[in-house]
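>>> sequence unavailable; structure follows:
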Ligand code: AMP
Ligand code: MG
């Protein structure tokens, strides 16, 4: 199959909508990461997502809508706390897990009784969903086990020959996947951190719970509240180690370990901040240390770059887990199999 890559304008969005209505897959931009979309109410179309990605069948998909009115038929009820979160943060990078209605195929919910719903803020995404005239099930548009795509080129790298069309809407503004919040009860739980931070949720609801597995791997016998947490996502080929501590000590430790590794014949790169001086060693930028949003927007591209360059070891600077930093550390932590050294 030939994969077309088109700038997201009115004509290409209409073409993509037609493909979706016909049960085909389309890669499209959102403010978080690029999505791989199918008509969420067409089980056969949804199955193609799992095939194209090589995604385990038990990992549910997020259903995207173009306006709040489209949600009612997809869920059995909307608890009060969920309503407050919707009002505060939609459209935006937040997925709410709600009790699912019967029209949602088991393929979408992976057999669960719940469904994740999101109203994205990205204009092209909402225009596409509205034009298709159906809710769109869409996980990130990467092959399973690869970093989520934050540019149309990333989608092309992973999906060339597997899907007919990718819409290019430029680089994603947020750069990490949506916050996933279990809102089935009156005390919502953050299952996956993202652009809507626990602090923001707390400001609206008065308190917040964050699932304990956000910053640690699942151990044997643990039940994953969010099935996606079971899988080793976003892992570059390079062995990846994160250094946490005062900036000067982190820089010194990274430089020392870099030199040791290079002596052993490893190909090494650093993921570090622009203000920090690594003495000319290979460094992929996480942006300014003063703007954690930069690290969120750049992390996945940086992980892909590690693989492209054939690096075998990577040393990363940790970020503070305040605000969106928790989402960055969750993804970076997973890439490093939570190998974090305090210095
Ligand atoms: P992706 O779109 O690739 O970021 O994957 C969707 C993520 O949302 C996965 O990690 C899922 O575990 C999570 N998710 C989707 N639906 C549900 C649900 N009904 N309950 C819990 N987690 C969900
Ligand atoms: Mg994904």
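Thanks, I have the structure now. Predicted model only: the values in this text are computed from it and were never measured. Numbers count the residues shown, from 1 in each chain. Ligands and ions are numbered 1, 2, ... in the order given.
>>> dump the residue contacts of whatever residue of the chain ends up closest to ligand 2.
Residue nearest to ligand 2 within the chain (CB to the ion): residue 140, separated by 3.3 Å. Just so you know, the C-beta spots here come from the backbone N, C-alpha and C atoms, and that holds for glycine as well. The contact partners of residue 140, by CB atoms under 8 Å, 6 or more residues apart in numbering, come to 33-36, 148-149, 177.
>>> out of these, which touch ligand 1?
residue 177 (CB under 6 Å from any ligand atom).
>>> for the contacts of residue 140, work out which two are farthest apart.
Greatest spacing in the contacts of residue 140, by CB to CB: 36 and 177 (12.5 Å).
>>> would you check that residue 90 makes contact with residue 68?
Yes - Residue 90 lies in contact with residue 68 (CB atoms under 8 Å); the separation is 6.8 Å.
>>> what residues are shared contacts of these two?
Counting by CB under 8 Å, 6+ apart, the residues touching both residue 90 and residue 68 are residue 119.
>>> okay, these two: which has more neighbours?
Using other CB atoms under 10 Å as the criterion, residue 90 and residue 68 rank with residue 90 on top: 20 against 14.
>>> skipping adjacent residues, who's closest to the more buried one in space?
In space, residue 90 comes closest to residue 119 once its chain neighbours are excluded; the distance is 4.3 Å by CB to CB, 6 or more residues apart in numbering.
>>> I'd say the one you found and residue 69 touch.
No - between residue 119 and residue 69 there is no contact under CB under 8 Å: 10.3 Å.
>>> can you pull the residues of the stretch 1-150 of the chain lying near ligand 2?
Within the stretch 1-150 of the chain, the positions lying close to ligand 2 (CB under 5 Å from the ion) are 139-140.
>>> show me the contacts of residue 140 that map onto strands.
Secondary structure from DSSP state E places 35-36 of those in strands.
>>> tabulate the contacts of residue 140 (TSV), appending distance to residue 135.
Output for the contacts of residue 140, formatted as TSV (distance: CB to CB, whole Å):
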residue	distance to residue 135
33	19
34	18
35	12
36	15
148	21
149	21
177	18
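>>> list the contacts of the residue lying closest to residue 292 once chain neighbours are set aside.
Leaving aside its chain neighbours, residue 292 sits nearest to residue 325 (4.7 Å; criterion: CB to CB, 6+ apart). Listed by CB under 8 Å, 6+ apart, the contact set of residue 325 reads 292, 295, 319.
>>> wait, residue 166 touches residue 5, no?
Yes - the criterion here is CB under 8 Å, and residue 166 meets it with residue 5 at 4.9 Å.
>>> need the overlap of contacts for these two.
Counting by CB under 8 Å, 6+ apart, the residues touching both residue 166 and residue 5 are 152, 156.
>>> and the residue lying farthest from the centre of the chain, how far is that from ligand 1?
Distance from the C-alpha centroid of the chain peaks at residue 263, with 35.4 Å (CA atoms, centre = their mean). Separation of residue 263 from ligand 1 (CB to the nearest ligand atom, to the nearest Å): 39 Å.
>>> now swap in residue 339 and tell me
21 Å.
>>> phi and psi next, for residue 188.
phi -60, psi 150 (degrees, to the nearest 10).
>>> and residue 26, by the same measure?
phi -140, psi 140.
>>> can you tell me the closest non-neighbouring residue to it?
residue 16 (4.5 Å).
>>> ok, and what's touching the one helix or strand the one you found maps to?
Residue 16 belongs to helix 10-21 when elements are defined using DSSP states H and E. Outside helix 10-21, the residues that touch it by CB under 8 Å, 6+ apart are 6, 25-26, 28, 37-39, 45, 124, 127-128, 131-134, 136, 164-165, 167.
>>> rounded mean pLDDT for it, please.
For helix 10-21, the mean pLDDT works out to 98.
>>> over to stretch 43-59?
The average pLDDT within stretch 43-59 is 95.
>>> centre of the chain to it, how far?
Remark: stretch 43-59 is offset 17 Å from the chain centroid, using CA atoms, centre = their mean, to the nearest Å.
>>> got the contact list for it?
Here stretch 43-59 makes contact (CB under 8 Å, 6+ apart) with 20, 23-25, 36, 38-40, 61, 105-108, 110-111, 137-139, 141-145, 159, 162-163, 227-228, 230-231.
>>> which of those residues are buried?
20, 24-25, 36, 38-40, 61, 105, 107-108, 110, 137-139, 141-144, 159, 162-163, 227-228, 230-231 (16 or more other CB atoms under 10 Å).
>>> in strands, which of those residues fall?
36, 38-39, 137.
>>> quick one: low-confidence parts of the stretch 151-300 of the chain?
Scanning the stretch 151-300 of the chain for pLDDT under 70 picks out 218-224, 228-233.
>>> which residues of it fall in helices?
152-159, 198-205, 247-263, 292-308 (DSSP state H, counting those that start in this stretch).
>>> I'd like these written out as TSV, with distance to ligand 2 added.
What follows is those, written out as TSV (distance: least, CB to the ion, whole Å):
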stretch	distance to ligand 2
helix 152-159	11
helix 198-205	21
helix 247-263	28
helix 292-308	10
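>>> ok, which of those helices comes nearest residue 171?
With CB to CB as the yardstick, what comes closest out of these is helix 292-308 (7.3 Å).
>>> helix or strand right after that closest one?
Counting by DSSP H and E, what follows helix 292-308 is strand 313-317.
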